[in-house]
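Asker: Any chance you could fold what I've pasted below:
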Amino acid sequence: MSWGWKITILYVGFVIMTLAMVFYFMGQKVDLVTEEYYKEEIKYQDQIDRITNAKALNDPVKVEYSLHEKKVKISFPKSHTGQTIKGNIHFYSPSDSEEDRDFPVKVMDEGIQTIYVGSLRKGLWRIKIRWHAGDKEYYHEQLITL
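Answerer: Sure, this is the predicted structure:
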């Protein structure tokens, strides 16, 4: 076989491998952090203000995971006692957006909320807590491993 045929076979093989990789990667699922990324970006100053408010608290939010009970306990600041606390708790799964879960803030006595997480898959989760008490809004984020 001459050099011309060998170079042609090598070139055709390279093109086929490149096209195969392109088609394979185009079929992969891509999870975005949020579907409305640009809208979220425009409103990010409000988010910075919420984070600043949460960091200014004397007693910050505490998130604890109990492996035996399969529950996440969220302790809201004692400074919010007597105030109506409303908001949202978002369990974000970095590996699969279809696993994400939302829970409304329902604070029981002493500013504690407990969430059963036995039905969630094991792995890394980012808990995003957004709430308002009084006239201020707050935001706290924490990683946990279930």
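
Asker: all contacts plus neighbour counts: C-alpha atoms, from now on.
Answerer: Noted.

Asker: Gly87 belongs to a strand, doesn't it?
Answerer: Yes: under DSSP: H, G, I helix; E, B strand; the rest coil, Gly87 falls within a strand.

Asker: Okay, strands next: where are they in this structure?
Answerer: Here the chain has its strands, by DSSP state E, at 62-66, 71-75, 85-92, 101-104, 112-116, 124-133, 136-145.

Asker: how about those in TSV, adding mean neighbour count and mean pLDDT?
Answerer: Shown next, in TSV, are the strands of the chain (neighbours: other C-alpha atoms under 10 Å; pLDDT from 0 to 100):
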stretch	mean neighbour count	mean pLDDT
strand 62-66	15	90
strand 71-75	18	91
strand 85-92	18	92
strand 101-104	13	92
strand 112-116	16	90
strand 124-133	19	92
strand 136-145	16	92
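
Asker: Out of those strands, the one nearest Arg50 is which?
Answerer: Closest approach to Arg50 among the strands of the chain (C-alpha to C-alpha): strand 136-145, 4.3 Å.

Asker: Adjacent strands (with direction) for the closest one?
Answerer: With DSSP bridges as the test, strand 136-145 is paired with strand 124-133 (antiparallel).

Asker: And the strands of the chain: which comes nearest Trp5?
Answerer: Here strand 124-133 is closest among these (C-alpha to C-alpha), at 52.5 Å.

Asker: Can I get that closest one in PDB? Just the C-alpha atoms.
Answerer: Taking Å, rounded to 0.1, in the frame of the first residue of the first chain, the C-alpha atoms of strand 124-133 are listed here in PDB:
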ATOM      1  CA  LEU A 124     -24.000  15.700  48.100                       C
ATOM      2  CA  TRP A 125     -26.800  18.300  48.500                       C
ATOM      3  CA  ARG A 126     -26.800  22.100  48.800                       C
ATOM      4  CA  ILE A 127     -29.400  23.400  51.100                       C
ATOM      5  CA  LYS A 128     -30.600  26.900  50.200                       C
ATOM      6  CA  ILE A 129     -32.700  28.700  52.800                       C
ATOM      7  CA  ARG A 130     -34.400  31.900  51.900                       C
ATOM      8  CA  TRP A 131     -36.700  33.500  54.500                       C
ATOM      9  CA  HIS A 132     -38.000  36.800  55.800                       C
ATOM     10  CA  ALA A 133     -38.700  37.800  59.300                       C
END
